[in-house]
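K.L.:
fold the following for me, if possible:
(chains A and B)
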Amino acid sequence: MQAPGTEGSSGDGGGAREGYDPQRIEERWQAYWEAQGLHTPDLAAAPNPYYTLMMFPYPSAEGLHVGHVFAFTGVDIQGRYRRLLGHDVFEPFGFDAFGIHSENFALKMGTHPKKLIPSNIANFRRQLKRWGLMLDWSREVSTTEPSYYRWTQWIFLKLYERGLAYRGKAPVNWCPACATVISDEQVIDGFCERHPEARVERRDLEQWFFRITAYAQRLLDNLSWIDWSDTTKRAQVNWIGRSDGAELRFPVANGGEPIAVFTTRPDTVYGATYMVLAPEHPRVEDLADPARLEEIRSYREAARRKDTVERMDATREKTGVFIGAHALNPATGLEVPIWISDYVLTGYGTGAIMAVPAHDTRDHEFARKFGLPIVEVIRRPEISSEPGRTGHAGAVAKGGGTEEAGGSKQAGDAENAGVLMAGDGSDCWTGEGVMANSGPFDGRPSAEAWQGIVAMLGEKGLGEPRVQFRLRDWCISRQRYWGPPIPMIHCDACGIVPVPEGDLPVVLPDTDDFRPLGTGISPLARVESFYHVPCPRCASPARRDTDVSDNFLDSAWYYLRYPSAHDDTQAWDPELTRKWLPVNFYIGGNEHAVLHLMYTRFLCMALYDMGLVPFEEPFRRFRAHGLLIKDGAKISKSRGNVIDPDAYVRKHGADAFRMNMMFLGPYEEGGDFRDAGIVGVHRFLERVWRWCAEELPRHPEGELPRPVLIKLHQAIRKIGRDMENLSYNTIVAALMELHNTLRAQPVRDRFAAESFVIMLSPLAPHLAEEAWSMLGNKPSVIDARWPVFDPALCVEDSVEVAVQVNGKMRGTVTVARDTAEDEVKAAVLANEKIAAHVAGKQIRRVIFVKNRLMNLITG
RNA sequence: GCCGAAGUGGUGAAAUUGGCAGACACGCUGGACUCAAAAUCCAGUGGGAGAUGAUCCCGUGUGGGUUCGAGUCCCACCUUCGGCACCA
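P.N.:
Numbering: from 1, shown residues only, chains lettered A, B, ... in the order given. All right, here's what the predicted structure looks like:
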């Protein structure tokens, strides 16, 4: 194909419209890029690999929305910038087409998802091409292709071999709207991530889990060195939730195994006046007084029925039942009653706690309600010793006073007995202090006693330090249809048997009967031809697992597949993987901080441990882009504030649309989408076009004045720096500023014009390509090199020095750069207006910052 | 409650180490061109005072502080947003 050339400027193309015509320019160059294969690197031969990645979407029927344009453009700019720096850039794309979203849509339309996906994908591809993204379409992947999910299943088998996939019965999250179990990460404040109205229920079901908790410490440790957005890392730190504490064991009063608790405050053990077990704790029935069993069982039943929202509500009144048994406080040796209450969670720590009502607000509330003893063991430090805190402490006292009126009398009685009963919540001190009522530890700082107490109990075999993580294992099975079948077979004789690798893929059967019933049994359990299978081990009739795996497993390894997209002998080619991975730069939304991004890191570490990949972190650099909202609300179909990108592209062109997105504000902060600025960007591009098409050709070639040259080199330096920091909004501003300056010059300077066009090209690739040709270059500008600035030309010859008198701005003086203090002072005093401010006063002191400021202090 | 980010003109925003607050745009006002409009171009545009001007005062959420000098640093508070949260 012939290069489109500069017909726009020659004006001889019959019917060519006057002026900047984005539609025509953009479509022409897109066709050229595609025909030339400019976005398809030779992965095996490329000497200088650079892998940029955007989060692949699920191909919905609505098409891509502005949030996608915003996210993808930010990645594309990086890709184009790296290419101009001389890298071989690989920027692939694919489709996350499995999952509940696609399936629900298909159910709504009464069609099979398989039938809907191809047209949706075609529409996505059309949009993405129209936006001018530098995507390598030759290596597109779709997670629903058996050639892809074969390897998803293979990964499942690898994890199983390694003991990282296991089947377990546990209370799991059941979303009634999804009609399947979901993972902890998909539960947001007790509601389903996908259905903000659906309260998540707890169900006891046998499920497949991935042992992500085995990697908790490594997932945490590596955060210290990976180059990721801080916000994302912090979200992961919170989610992993490491607590440093101790496991303490409380002997049972009438014999039997001691009860273990986890606590972060072993220093308060002398104040543990009772114990609480989770209602589901396995020892409850053994320990309980048989006379109380009925009451206990009904409490357990009530707790079981509560959904996640209720159970997580920390404000609701404490409930509980005494089980009629006692344990011995391992420090004091005193008998303490054992209760059950649903404020203690099963599945965290040991599912049991020691209750220290004097120093834990929850235990305090519980003790107050049930009249349990409260013993102070840590003296609160004197508030008055900290001057800055008076106001704060006053507010607390006031708040406490209004809450509980009857508290003070009890406190008085208790004090007589040598025990302090707290009058209200403010008397429950949860901070550090000096030990009291704690035997040999009295008088010592609590922070110090912490270790001593653990050591003392350790000697008696009743405790030791322990680290606890909040992170739970990843529940991977889904009772739905549209996903990769879990490659496992259940045999009555052999138990669970993995599908032999050679039999992969386990193909998802075609069926029109895929509606989920919400019974906890997958739709695949209704497809006999699917689940009837001989046991691979003993050949007797067996049954396939009828669940499918979580959609997030599909996306946890897609980045490994792109370079090897066409390899049907292995999931990824080791050679290409070593060469192109880890991904150099990944950009995506922070809503995936603990979902996709955590799962992907876990899986990568596991694959690394198995020797299947040569790195344990998948993404060298990750940046979270901001969330794009509209009128202060999240963009969503249900809110009816969806923005159609195609309409903007039709009206202003892809270049203006891309650039406007980047001009909205800081890329990593996101913000409100508004189209008010797009006309400004459009006007700017129009001026650039006119400059290259009409103005520059009229100007004589010549040298730019030195100040303009300095501006140019400063702009090159700034834009390069901003590219590294993703400060796209200031790049747009800098380009506009530079263009305003260059355009005012009546000469044509080749370096300046080309530098400008090259720096414009990552943001507005089509116009830049057109301009590149109009400047007399051969396409493509993609193959140009980023301009290099001259540091000597980045500093002005003369500078404006700000002049202050007593710290107030009184004017400026212009002097040669690096002029010494005396000379500047002379210039300042020669300035009448400034001199007027010091007239008749003595200059006591002069503050001078070279090239910037002079501040005269008078007496 | 814990952890973190942010608060700047009418609007989106900018501002190396503390050193001329408001770059770049949008919008608005006035002007040029036009029969007229659109488009384009030029000028102005934080608030107040000053007859206009020179000039002066105020101004980066609130209140203090450090400093010759604070949008930037410190302390306290208010508001908004994000993560975690009956996690022991």
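
K.L.:
just the helices from the stretch 751-859 of chain A, written as ranges.
P.N.:
A:765-774, A:821-830, A:832-838 (DSSP state H, counting those that start in this stretch).

K.L.:
out of those helices, flag the one nearest RNA strand B.
P.N.:
RNA strand B lies closest, by C-beta to the nearest atom of the strand, to one member of these: helix A:832-838, at 5.1 Å. Quick note: C-beta positions are derived from backbone N, CA and C, even for glycine.

K.L.:
what comes up buried for that closest one?
P.N.:
Neighbour counts over helix A:832-838 (16 or more other C-beta atoms under 10 Å) mark A:834, A:837-838 as buried.

K.L.:
make CSV from those residues and add pLDDT and distance to RNA strand B to it.
P.N.:
As requested, the buried residues of helix A:832-838 are exported to CSV (pLDDT from 0 to 100; distance: C-beta to the nearest atom of the strand, whole Å):
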residue, pLDDT, distance to RNA strand B
A:834, 84, 9
A:837, 83, 6
A:838, 81, 12
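
K.L.:
what's the helix or strand for the closest residue to residue A:64 other than its chain neighbours?
P.N.:
Leaving aside its chain neighbours, residue A:64 sits nearest to residue A:127 (5.0 Å; criterion: C-beta to C-beta, 6 or more residues apart in numbering). Counting by DSSP states H and E, the element that carries residue A:127 is helix A:113-130.

K.L.:
and if you look at residue A:94?
P.N.:
Element membership of residue A:94 [criterion: DSSP H and E] is strand A:92-95.

K.L.:
could you point out which element follows that strand?
P.N.:
Toward the C-terminal end, the helix or strand that comes next after strand A:92-95 (DSSP H and E) is helix A:100-109.

K.L.:
residue A:706: what's it in contact with?
P.N.:
Taking C-beta atoms under 8 Å, 6 or more residues apart in numbering, we find residue A:706 in contact with residue A:797.

K.L.:
ok, it to residue A:796 distance?
P.N.:
Per C-beta to C-beta, to the nearest Å, residue A:706 is found 9 Å from residue A:796.

K.L.:
now the strands for the stretch 401-550 of chain A?
P.N.:
All strands of the stretch 401-550 of chain A, identified by DSSP state E, counting those that start in this stretch, fall at A:434-435, A:463-469, A:474-475, A:477-478, A:488-491, A:495-498, A:532-534, A:541-544, A:548-549.

K.L.:
now mean pLDDT and distance to RNA strand B too, for these, in TSV please.
P.N.:
Output for the strands of the stretch 401-550 of chain A, formatted as TSV (pLDDT from 0 to 100; distance: least, C-beta to the nearest atom of the strand, whole Å):
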stretch	mean pLDDT	distance to RNA strand B
strand A:434-435	92	17
strand A:463-469	95	6
strand A:474-475	94	14
strand A:477-478	93	20
strand A:488-491	96	29
strand A:495-498	96	29
strand A:532-534	95	39
strand A:541-544	96	34
strand A:548-549	96	22
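
K.L.:
indicate which one of the ones you listed is closest to residue A:729.
P.N.:
Among the strands of the stretch 401-550 of chain A, strand A:474-475 comes nearest to residue A:729, with 37.5 Å by C-beta to C-beta.

K.L.:
check which helices and strands that closest one is in contact with.
P.N.:
Using 3 or more C-beta pairs under 8 Å, 6 or more residues apart in numbering; DSSP states H and E, the elements in contact with strand A:474-475 are strand A:201-210.

K.L.:
can I get the strand it packs on in CSV? Just the C-alpha atoms.
P.N.:
The C-alpha coordinates for strand A:201-210 follow below in CSV (Å, rounded to 0.1, in the frame of the first residue of the first chain):
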residue,chain,number,x,y,z
GLU,A,201,-25.2,-15.3,52.8
ARG,A,202,-23.0,-17.8,54.6
ARG,A,203,-23.3,-21.4,53.4
ASP,A,204,-21.4,-24.4,54.5
LEU,A,205,-20.4,-26.0,51.2
GLU,A,206,-17.6,-28.1,50.0
GLN,A,207,-15.5,-26.1,47.5
TRP,A,208,-12.2,-25.8,45.8
PHE,A,209,-9.8,-23.4,47.3
PHE,A,210,-6.4,-22.1,46.3
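
K.L.:
neighbouring contacts of that strand?
P.N.:
Residues from elsewhere that reach strand A:201-210 (C-beta under 8 Å, 6+ apart): A:159, A:164-176, A:181, A:304, A:306-308, A:311, A:473-477, A:486, A:488, A:520, A:545, A:547, A:549, A:602.

K.L.:
find the closest residue to RNA strand B in the stretch 1-150 of chain A.
P.N.:
For the stretch 1-150 of chain A, C-beta to the nearest atom of the strand, closest residue to RNA strand B: residue A:19, 8.2 Å.
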